[in-house]
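*Asks:* the amino acid sequence is not available; the structure is as follows:
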């Protein structure tokens, strides 16, 4: 359980690392501060309006990647 609130700095760090490693196709910050992320070139973009939503997105992406790695190693 978290003891501190999620921040955009933390979420941006995760999104940047995932983009650098090729797990996200596109990450963009809009004028209202929301983040738009796209997993693949042809996938639907997600708009994340709050850092908690961004960290939830990151968690789901990491779980998906971990599951794919487990299935690939079988």
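*Replies:* Here it is on my side, so go on. The structure displayed is predicted, hence computed values, not measured ones.
*Asks:* residue ranges of the strands in this protein, please?
*Replies:* All strands of the chain, identified by DSSP state E, fall at 26-29, 35-38, 46-48.
*Asks:* so which of those comes closest to residue 65?
*Replies:* For the strands of the chain, proximity to residue 65 was assessed by CB to CB; strand 35-38 is nearest, at 14.4 Å. (Each C-beta comes from the backbone N, C-alpha and C, glycine too.)
*Asks:* and the closest one, what's buried?
*Replies:* Under the neighbour-count criterion of 16 or more other CB atoms under 10 Å, strand 35-38 has 35, 37-38 buried.
*Asks:* stretch 31-47 now?
*Replies:* Neighbour count says stretch 31-47 has 35, 37-39 buried, by 16+ other CB under 10 Å.
*Asks:* which of those lies closest to residue 3?
*Replies:* Taking CB to CB as the measure, residue 3 sits nearest to residue 35 out of the buried residues of stretch 31-47, at 23.8 Å.
*Asks:* for beta bridges, what are the partners of the closest one?
*Replies:* On DSSP bridges, the residues paired with residue 35 through beta bridges are residue 29, residue 48.
*Asks:* can you list the low-confidence ranges for the chain?
*Replies:* Residues of the chain meeting the criterion pLDDT under 70: 74.
*Asks:* which residue is nearest the centroid of it?
*Replies:* residue 58 (3.6 Å; CA atoms, centre = their mean).
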